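Predicted model and sequence follow; I will ask about them next.
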Amino acid sequence: MYSKRLAAIVSAILITACQPSSPSQTTAVVSPVDTEVFQARKNNDFRVYGTSGRNITIPGISNEDRSFAVEQCGIKFMKGTGDVIKTPEQRQERKEKVAYMKSYNQRIFVLCKQKKA
């Protein structure tokens, strides 16, 4: 009796798990990076982000690809990524911006290389 009940429960779980979800249950998550990359592609703007300090860095782009990125794709500077950091909050905000830039740059650089090929 116990095994029949267990078999029925397992069967119900498997059948439910294999059913396709309805469109109302499917939610696409679009990140700010997704949105900006989409807009940049639409505008044919394949510039990568760089920091605005004395030593310009391009997060997410290797040293080997840096020249190509700057010369062929172009560069734009992210506001608030300069050298002066006075508070822990500014340090955290800069880390978040650099992480965003890295994600954006990696994706837009692929598109830039495809466009230039």
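Here it is on my side, so go on.

Mind giving me the packing neighbours of the biggest helix by length in the chain?
The longest helix of the chain (DSSP state H) is helix 88-116. Here helix 88-116 touches helix 32-42, strand 48-50, going by 3 or more Cβ pairs under 8 Å, 6 or more residues apart in numbering; DSSP states H and E. Backbone N, C-alpha and C define where each C-beta goes, glycine included.

show me what contacts the most centrally placed residue in the chain?
For the chain, the residue nearest the mean C-alpha position is Ser103 (4.0 Å; Cα atoms, centre = their mean). Neighbouring residues of Ser103 by Cβ atoms under 8 Å, 6 or more residues apart in numbering: 33, 60.

If I look at it, what pLDDT would I see?
pLDDT for Ser103: 98.

Could you check how far it is from Lys113?
Distance from Ser103 to Lys113, counting by Cβ to Cβ, to the nearest Å: 17 Å.

pLDDT below threshold where in the protein?
Scanning the chain for pLDDT under 70 picks out 1-27.

Contact partners for the closest residue to Gly80 other than its chain neighbours?
Spatial nearest neighbour of Gly80, chain neighbours left out: Lys97 (6.2 Å); criterion: Cβ to Cβ, 6 or more residues apart in numbering. Residues near Lys97 by Cβ under 8 Å, 6+ apart: 78, 80-81.

now that we have those, which one has the most neighbours?
Using other Cβ atoms under 10 Å as the neighbour criterion, Thr81 leads the contacts of Lys97 with 20 neighbours.

Does that one touch Gly53 like I think?
Yes. Shown here, Thr81 and Gly53 form a contact pair, counting by Cβ atoms under 8 Å, at 6.7 Å.

residue contacts, the closest residue in space to Arg107 that isn't next to it in sequence?
Distances taken as Cβ to Cβ, 6+ apart put Val37 closest to Arg107, at 5.0 Å, once the chain neighbours are dropped. Applying Cβ under 8 Å, 6+ apart, we find Val37 in contact with 104, 107-108, 111.
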